[in-house]
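**Student:** this one's structure only:
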């Protein structure tokens, strides 16, 4: 493990007063809680930069029968200024918009890593990666020609992830111009089990998709590694629009 943790993912088990219904769009309210936590200066910096080096979303875990609030960050700065303070939050949180309380019941660190370690993870083994299963945990959408997309497209997903990686990586950029065509030619959607998702945000209903998408990688070992890396990375960045406000939450399983 390197000294610097640049990528970190945590989850909190949450419950709320009876007056609050926990639904996925509470993510936008919780974003407000986070921005209060980090303070106006840093919140302002993030807003001005237009960068979102973190993503967060809420979902219901059917196996555990619990509501989970998951947060990830992809820079050392965001890890230290957003994720770590979140782990130290008081157990009882007042939600101004809802005039009620949320309670944190449990806190778990899911992963701590760095860009160098992620590169090693996918390049140092002899594994061949053939597929990635992307589970869209909260409504996911891209904005194309002023319309919200209701179906995933492989090229759009990997173009987005490549851009995120090159924006935040401290160890090895992936050359966009030369790689993009190969990347898009090297993957296709093998299978999916999706349904329409609606995300309510400040009175606007954003349409998108939820559920599982299986990505198939074609037989080019180098491209398979890049695709596996970016697929895995999607868990920390989220996918598509408004990932800071609770949309585009992803869980990923890379298949060898």
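**Tutor:** Thanks, I have it. What you see is a predicted model, and the numbers here were worked out from it, not measured in a lab. Numbers count the residues shown, from 1 in each chain.

**Student:** switch to C-alpha atoms for all contacts and neighbour counts from now on
**Tutor:** Fine.

**Student:** show me where the stretch 151-256 of the chain has helices.
**Tutor:** Applying DSSP state H, counting those that start in this stretch to the stretch 151-256 of the chain gives helices spanning 154-168, 176-185, 221-237.

**Student:** deepest-packed of those helices, please.
**Tutor:** Among the helices of the stretch 151-256 of the chain, helix 221-237 has the highest mean neighbour count (mean count of other C-alpha atoms under 10 Å), at a mean of 22.

**Student:** and that one, how far out from the chain middle?
**Tutor:** Distance of helix 221-237 from the chain centroid (C-alpha atoms, centre = their mean, to the nearest Å) equals 13 Å.

**Student:** please apply the same query to stretch 98-105.
**Tutor:** Mean-position distance between stretch 98-105 and its chain equals 23 Å (C-alpha atoms, centre = their mean).

**Student:** what residues sit buried inside it?
**Tutor:** Buried residues in stretch 98-105, defined by neighbour count with 16 or more other C-alpha atoms under 10 Å: 101-104.

**Student:** list just the nearest of these to residue 95.
**Tutor:** residue 101 (5.7 Å; C-alpha to C-alpha).

**Student:** give me the contacts around the helix or strand of the chain with the lowest mean pLDDT.
**Tutor:** Here the helix or strand of the chain ranked lowest by mean pLDDT, DSSP states H and E is helix 176-185, holding a mean of 85. With C-alpha atoms under 8 Å, 6 or more residues apart in numbering as the contact definition, helix 176-185 has outside contacts at 154-155, 158-159, 162-163, 223, 227.

**Student:** as a markdown table, those with pLDDT would be great.
**Tutor:** Formatted as a markdown table, these follow (pLDDT from 0 to 100):
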| residue | pLDDT |
| --- | --- |
| 154 | 96 |
| 155 | 94 |
| 158 | 96 |
| 159 | 94 |
| 162 | 94 |
| 163 | 93 |
| 223 | 93 |
| 227 | 96 |
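
**Student:** got the residue ranges for the helices in the stretch 1-150 of the chain?
**Tutor:** For the stretch 1-150 of the chain, applying DSSP H, counting those that start in this stretch gives helices covering 27-38, 40-49, 76-78, 84-87, 115-123.

**Student:** could you tell me the least trusted of those helices?
**Tutor:** Among the helices of the stretch 1-150 of the chain, helix 40-49 carries the lowest mean pLDDT, at a mean of 89.

**Student:** and the angle for that helix with helix 27-38?
**Tutor:** 130 degrees (axes from the mean of the first three to the mean of the last three C-alpha atoms, to 10 degrees).

**Student:** from the middle of its chain, how far away would helix 40-49 be?
**Tutor:** 20 Å.

**Student:** likewise stretch 48-66?
**Tutor:** The answer for stretch 48-66 is 7 Å, by C-alpha atoms, centre = their mean.
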